[in-house]
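1. here is my input, please return the structure:
(one chain, ligands or ions: 1)
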Amino acid sequence: MPYLQLQNVSKGYGPASNRYEVLEDVNLSIEENEFVAVIGFSGSGKSTLMSLLAGLEQPDAGTVKLRGEVVTEPGPDRGIMFQNYSLLPWLSVFQNIEIAVKQVFPEMSKADRKPYIQHYIDMVTLTGSEWKKPSELSGGMRQRLSLARTMAMKPEVLLLDEPLSALDALTRSVLQDEIIRIWEEDKRTVVMITNDVDEAALMADRIVPLTPGPSATLAKSFPVGLSRPRDRTTLNFNPDFKKLRNEVSGFMLDLNQEAKSLRVSTEYRLPDLKPVDLSQAG
Ligand SMILES: Nc1ncnc2c1ncn2[C@@H]1O[C@H](COP(=O)(O)OP(=O)(O)OP(=O)(O)O)[C@@H](O)[C@H]1O
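-> Have a look, this model is predicted:
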């Protein structure tokens with residue numbers, strides 16, 4: 001039995017007269033402790049897919065199952081990190097993490113909680129910003145805070161929606177390593193959305209492309225056979241890495257080309273009208 005499973009899942013928005021089908025017949029089986037990277041184009045439905053896995057949205061057709069049980073609502077076993085960070089603006093960095101930790105670990109004493117939270121603040125290098133409000137943070141700092149909060153909740157399944165997209169290259173690589181470390185040490189299951197093929201190949205066990213929308217679906221998976229630990233400095237010279245990167249990038253470009261050609265076929269030609277200067281007429 002797969003650990004986390006999407007079976008024939010479809011999801012759309014809007015009334016029947018003006019319906020937008022986002023996902024159609026999506027199937028995915030994820031094993032426990034697997035690290036899956038979903039890549040796709042902007043607007044193709046990646047965040048919708050995450051909301052379905054988290055139980056925040058329900059599919060129109062098909063089922064989402066965790067350990068064989070149908071997912072009907074969000075739960076502490078699935079921690080989602082949103083693209084918009086969803087931080088509480090009236091709380092500080094520390095308090096934003098604290099509120100989540102209190103909810104998940106109500107039995108943790110105050111004395112234990114403080115160093116526990118500080119550990120995650122340090123992990124995402126927000127040390128010194130503990131008492132700043134989200135409005136006082138840069139976009140990248142907010143993203144790191146959101147990641148720290150999700151990690152501190154230690155969910156069984158980490159659902160990460162472009163967790164590192166707003167970060168500079170250096171911070172990004174530090175946090176890539178942290179996510180891998182937490183995934184390995186704590187034996188979590190990770191579904192991560194990224195638009196970076198190199199990041200997907202560096203981190204994941206499997207790369208799953210989402211086809212362009214509307215009616216997006218998951219395409220064939222690309223297993224990442226590279227041994228761990230993966231060293232980003234030598235990976236660029238690894239022929240298996242280069243081959244995988246070319247395969248996935250080529251596949252995505254072909255998908256995009258295919259989607260474009262479909263879009264062209266539904267374009268309407270406008271009549272060739274010439275404007276008339278009415279002030280000069282008659
Ligand atoms: N609640 C909603 N109501 C109506 N339409 C929605 C809703 N949520 C998403 N959509 C539409 O569904 C499509 C997919 O959106 P989604 O956010 O899942 O894509 P995405 O791949 O995550 O995009 P991006 O990479 O740009 O964040 C978009 O066309 C979006 O406008």
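2. check the offset of stretch 113-120 from the chain's centre.
-> How far stretch 113-120 lies from its chain's middle: 25 Å, per C-alpha atoms, centre = their mean, to the nearest Å.
3. show me which residues of that stretch are buried.
-> 113, 116-117, 120 (16 or more other C-beta atoms under 10 Å). Bear in mind the C-beta positions are built from the backbone N, C-alpha and C, glycine included.
4. can I get those residues in a markdown table including distance to D277, secondary structure and pLDDT?
-> Output for the buried residues of stretch 113-120, formatted as a markdown table (distance: C-beta to C-beta, whole Å; DSSP: H, G, I helix; E, B strand; the rest coil; pLDDT from 0 to 100):
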| residue | distance to D277 | secondary structure | pLDDT |
| --- | --- | --- | --- |
| R113 | 76 | helix | 97 |
| Y116 | 75 | helix | 97 |
| I117 | 71 | helix | 97 |
| Y120 | 68 | helix | 94 |
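5. out of those residues, the closest to S10 would be?
-> Of all the buried residues of stretch 113-120, S10 sits closest to Y120, with 36.8 Å by C-beta to C-beta.
6. how near is that closest one to the ligand?
-> 25 Å (C-beta to the nearest ligand atom, to the nearest Å).
7. how about the contacts made by that residue?
-> Y120 makes contacts with 97, 148-149, 151-152, as judged by C-beta atoms under 8 Å, 6 or more residues apart in numbering.
8. now do 7 Å
-> Listed by C-beta atoms under 7 Å, 6 or more residues apart in numbering, the contact partners of Y120 are 97, 148, 151-152.
9. go on, L28?
-> By C-beta under 7 Å, 6+ apart, L28 lies in contact with 5-6, 208, 218.
10. R232 now?
-> R232 neighbours (C-beta under 7 Å, 6+ apart): 173, 202.
11. list phi and psi for it.
-> Per-residue torsions, R232: phi -60, psi -30 (degrees, to the nearest 10).
12. tell me the pLDDT of it.
-> The model reports R232 with a pLDDT of 89.
13. go on, S265?
-> 53.
14. ditto for Y268
-> The predicted local confidence for Y268 is 63.
15. for the stretch 51-200 of the chain, which segments count as strands?
-> Ranges of strands in the stretch 51-200 of the chain, per DSSP state E, counting those that start in this stretch, are 61-66, 69-70, 78-81, 157-161, 189-193.
16. quick check: which of those is nearest to L126?
-> strand 78-81 (14.9 Å).
17. can that closest one be found next to the ligand?
-> No. Using C-beta under 6 Å from any ligand atom, strand 78-81 never reaches the ligand; the gap is at least 12.7 Å.
18. partner strands of that strand and their direction?
-> Applying DSSP bridges, strand 78-81 is found paired with strand 157-161 (parallel).
19. and the contacts of the strand it pairs with?
-> 4, 47, 50, 53-54, 77-83, 150, 188-193.
20. just to revisit the earlier point, between the buried residues of stretch 113-120, which is nearest the ligand?
-> Nearest to the ligand out of the buried residues of stretch 113-120 is Y120 (C-beta to the nearest ligand atom; 25.2 Å).
21. quick check: the closest one vs M108, distance?
-> Taking C-beta to C-beta, to the nearest Å as the measure, Y120 falls 13 Å from M108.
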